[in-house]
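A.B. asks: Dropping a prediction and its sequence here:
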Amino acid sequence: MTTDAMGETAVIDDGMTTESVASGESDLTMAGEHGTRLLAVDDLHVWYELKRFGFAHAGWVRAVDGVSFDLMRGESVAVVGESGCGKSSLMKAILGLQPPTSGDIHFDGQSISKLTGEDRRAYRSNIGYVQQDPFGALPTFMNIKRILEEPLIINGIKDPAERMERIEQALTEVKLTPIDEVINKFPHMLSGGQQQRVVIARAMILEPKLLVADEPVSMLDASVRVEILRLLRGLQETHNLGVLYITHDLSTVRYFSERIFVMYAGQIVELADVHDLLDRPSHPYTQALLAASSDPDAKNALVMREVPPGEPPSLVNPPEGCRFNPRCAFRIEGQCDVHIPPIFDTGKGHGVACWLLDPSLNALPERGEDGMYMRTESAAVDWSGGRADTAGSEEGSGAVELGEVGEVGRATGSVVSVGSVGAFGAGGAVGAADHSMPETLADVVDDVIDTGDGIDEE
Amino acid sequence: MSETETKETLLQVRDLRLHFKTRRGMVQAVDGVNFDLPRNTATVIIGESGCGKSSLAKAILRLLPRNVGEYSGQVLLNGEDIMQLSDEDFRRTIRWNRISMVPQAAMNALNPVMRVGEQVAEPAMVHLGLSKDDALQRALQTFAHVGVPADFLHRYAFELSGGMRQRAIIAMALITEPDIIILDEPTSALDVLTQANIMNLLKRVKHELKTSFILITHDIATSSELADNVAVMYAGQIVEVGDAASFFSDPLHPYAQKLMASVPRLHGRQEPVFITGQPPSLLEPPTGCRFAARCEHVFDKCVVEPPDFGLDGKISKCWLQEGLLPEYTP
């Protein structure tokens, strides 16, 4: 099956990644079933300046570094990434809270960077923002009526009766009833789910065209989570809203979004239809995220999860070439650590910024039954390489010993890797310590890990 | 998990109650909880916010606020009822020495002006009476267990990433070599990969140091990474206890079934469901089954009489287990 995929693979842009998905030029950005383009992000860079002594330039934090995508009217797109990957900076730029360093954002065909004064306010009223922590997002000293009324007052709706009508309509839409009781309550009198409904009502009250939801359910209980996601989904469909759903939780994405962008260190590394991405993740980082997430299953307790060594790179001095290369098990020496990968189109709008997908390199590994790449022995040893031992990257150094233990093999679904075990080893500390209950790394690996029907590497 | 059944029981909790006095009445945060923790296993307490799971941890460790209204029951550690100990004896012999705890969001509570190593060493100085140098040496050994590099001993909390801070906190709980560690939401604020790392670490500690765990969480997928046994808590009570293998494939209590069905899945195509309604107020919980108002299978008896089968049945709090259990369809 891998050869099929490679046959379809085509380079969509020979240039640098930062320009590779220029808006409107490639299939990747045109998911146009929903009609017109609502939001176009074009080679967006959001850099923060670092200063020494408060004035001397000391470098840039490249929080968003060359991100391009389109969002159609009525389309829900998920942005997935870990903290520090730049997803919040991306969101701030779209909300107009952070001016882009370069690149541009077009909303409804109009560039937002040139907006000033009244126009900027009008633009912001087109975007609803659902915050992560509902309690923190609601002012404690205002009752629900005042919270929902304020945006209306600011946006010039002077008739109190009309405001009340809009408030009632918004509360009905988020299913917060009975309205007469709710509007007089204060945020602390509501449960977490109800608070999040108020936040959503506030985001919806100006009838926006775009909703930006920043981890809207991560603070909520499992049973409420689904309810809120369904509510958001319903609102999106009835109002034909564009939605940007920012999250680190891959398991909720499938129920809420059509497309998904995976961000790593300020860049989009993989973008695809949600089902396509979950079934055939193609960037090693996406695969690592999926391998680290689990569905509830008692077997999980019997295996070690595979986790890439190290931590995301500093955004001040990101690695040369692909930013994931120091942690990547499939790194191609001399290629990945030198050249920045463009986004390769593997068909059906599935783009992957990884050299493995370059047909001319013919480097695509075999996939296992679970869709993950199979690692060869030499590749497994490669985990050890890469990063110098700086603060926070200590796990990388631990992995060196793992190479000797060798690849343990893959059980279906959840995966065993020596890499993750080695992460605990952390350099020489194990050897130095003289504690009462030592066991060798290999023992632990053998005992803890039930390799089961693990398939050996070729 | 047939192995766990034969293991000796380390901790037995019997009819534990912890009620808080408030202006509006008595809050029954923990109300008649029973469960066992066999040695070198992990029991996961799953529940939604407000169900009393953190209060349960505090009740076991006797970390009580001032407004306690009722605190009763038995907590048997190796057969000895530690509820009978005086506060001073409890502090001196149980807390940290036998049972330690990683409270919720503890990684953000590290002292910013104290070196990480000194903080990790502190319990060893206080509870084991070690000198500072010996305690630091011990901290170094513990760091090796949890994968924190030795030179982090001299760093400050702000110099550590979230994952490293969480490891340091776990080292702090481990340093006195307790029998049991209670972890309250140890991974809730962490990224996916860091979460996986921490769960790997806990698996390894459990295996290497033979520690037993009580893991309190609302994240069911993560809980399955460590669980030998699962207890589901609802409105101050444990409604179902079972071994992980049977619980995750076949939960029995209607609430547990709904809770499992509400978990979004990465694989498989079933739509998650949500549970309508709200948990009851713990001020005046319903007289019958506490889940009755939200239960699809409710019948007359549920509303009138509280179900309580103690530890006899796998489900302690449902009348349906008298031969009427619903089928679980994932």
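C.D. replies: Happy to help now that I have it.

A.B. asks: rest of the way, CA atoms for contacts and neighbours
C.D. replies: Will do.

A.B. asks: Could I have the CA atoms of the strand or helix carrying residue B:205 written out in PDB?
C.D. replies: Assessed by DSSP states H and E, residue B:205 sits inside helix B:192-209. C-alpha atoms of helix B:192-209 as PDB (Å, rounded to 0.1, in the frame of the first residue of the first chain):
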ATOM      1  CA  VAL B 192      -0.100  14.400  25.200                       C
ATOM      2  CA  LEU B 193       3.500  13.300  24.800                       C
ATOM      3  CA  THR B 194       4.400  14.400  28.300                       C
ATOM      4  CA  GLN B 195       1.400  12.600  29.700                       C
ATOM      5  CA  ALA B 196       2.500   9.400  28.000                       C
ATOM      6  CA  ASN B 197       5.900   9.900  29.500                       C
ATOM      7  CA  ILE B 198       4.600  10.400  33.000                       C
ATOM      8  CA  MET B 199       2.300   7.300  32.700                       C
ATOM      9  CA  ASN B 200       5.300   5.300  31.400                       C
ATOM     10  CA  LEU B 201       7.200   6.500  34.500                       C
ATOM     11  CA  LEU B 202       4.500   5.500  36.900                       C
ATOM     12  CA  LYS B 203       4.300   2.000  35.200                       C
ATOM     13  CA  ARG B 204       8.000   1.700  35.700                       C
ATOM     14  CA  VAL B 205       8.000   2.900  39.300                       C
ATOM     15  CA  LYS B 206       5.200   0.500  40.100                       C
ATOM     16  CA  HIS B 207       7.200  -2.300  38.600                       C
ATOM     17  CA  GLU B 208      10.600  -1.400  40.000                       C
ATOM     18  CA  LEU B 209       9.800  -0.100  43.500                       C
END
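
A.B. asks: And the next helix or strand past that helix?
C.D. replies: strand B:212-217.

A.B. asks: close to chain A, is that next one?
C.D. replies: No: Strand B:212-217 does not reach chain A (C-alpha under 8 Å from any C-alpha of the partner chain); its nearest approach is 10.3 Å.

A.B. asks: cool, and stretch B:144-160?
C.D. replies: Yes: applying C-alpha under 8 Å from any C-alpha, one finds stretch B:144-160 touching chain A at B:144-150, B:159-160.

A.B. asks: May I see the residues you listed organised as JSON lines, with secondary structure, pLDDT and neighbour count added?
C.D. replies: Shown next, in JSON lines, are the residues of stretch B:144-160 next to chain A (DSSP: H, G, I helix; E, B strand; the rest coil; pLDDT from 0 to 100; neighbours: other C-alpha atoms under 10 Å in any protein chain shown):
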{"residue": "B:144", "secondary structure": "helix", "pLDDT": "90", "neighbour count": "25"}
{"residue": "B:145", "secondary structure": "helix", "pLDDT": "88", "neighbour count": "28"}
{"residue": "B:146", "secondary structure": "helix", "pLDDT": "91", "neighbour count": "27"}
{"residue": "B:147", "secondary structure": "coil", "pLDDT": "89", "neighbour count": "26"}
{"residue": "B:148", "secondary structure": "coil", "pLDDT": "91", "neighbour count": "29"}
{"residue": "B:149", "secondary structure": "coil", "pLDDT": "91", "neighbour count": "25"}
{"residue": "B:150", "secondary structure": "helix", "pLDDT": "91", "neighbour count": "21"}
{"residue": "B:159", "secondary structure": "helix", "pLDDT": "90", "neighbour count": "14"}
{"residue": "B:160", "secondary structure": "coil", "pLDDT": "90", "neighbour count": "17"}
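
A.B. asks: what two of those residues have the greatest distance between them?
C.D. replies: B:145 and B:159 (20.2 Å; C-alpha to C-alpha).

A.B. asks: what's near enough to touch residue 298?
C.D. replies: Using chain A here. Residue A:298 makes contact with B:224-225, B:227-228, B:244-245, B:248-249, according to C-alpha atoms under 8 Å, 6 or more residues apart in numbering or on different chains.

A.B. asks: should've been chain B
C.D. replies: So residue B:298 contacts residue B:292 (C-alpha under 8 Å, 6+ apart).

A.B. asks: In three-state terms, label it for me.
C.D. replies: coil (DSSP: H, G, I helix; E, B strand; the rest coil).

A.B. asks: State the helix or strand in which residue B:302 lies.
C.D. replies: Applying DSSP H and E, one finds residue B:302 within helix B:300-304.

A.B. asks: where's that helix relative to the chain centroid, distance-wise?
C.D. replies: Remark: helix B:300-304 is offset 30 Å from the chain centroid, using C-alpha atoms, centre = their mean, to the nearest Å.

A.B. asks: can you pull out the strands in the stretch 151-300 of chain A?
C.D. replies: Assigned by DSSP state E, counting those that start in this stretch, the strands in the stretch 151-300 of chain A fall at A:210-214, A:242-247, A:259-264, A:267-273.

A.B. asks: what's the answer for the stretch 151-300 of chain B, then?
C.D. replies: Assigned by DSSP E, counting those that start in this stretch, the strands in the stretch 151-300 of chain B fall at B:180-184, B:212-217, B:229-234, B:237-243.

A.B. asks: could you redo those as TSV and give each row mean pLDDT and mean neighbour count?
C.D. replies: Shown next, in TSV, are the strands of the stretch 151-300 of chain B (pLDDT from 0 to 100; neighbours: other C-alpha atoms under 10 Å in any protein chain shown):
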stretch	mean pLDDT	mean neighbour count
strand B:180-184	95	23
strand B:212-217	95	24
strand B:229-234	94	25
strand B:237-243	91	25
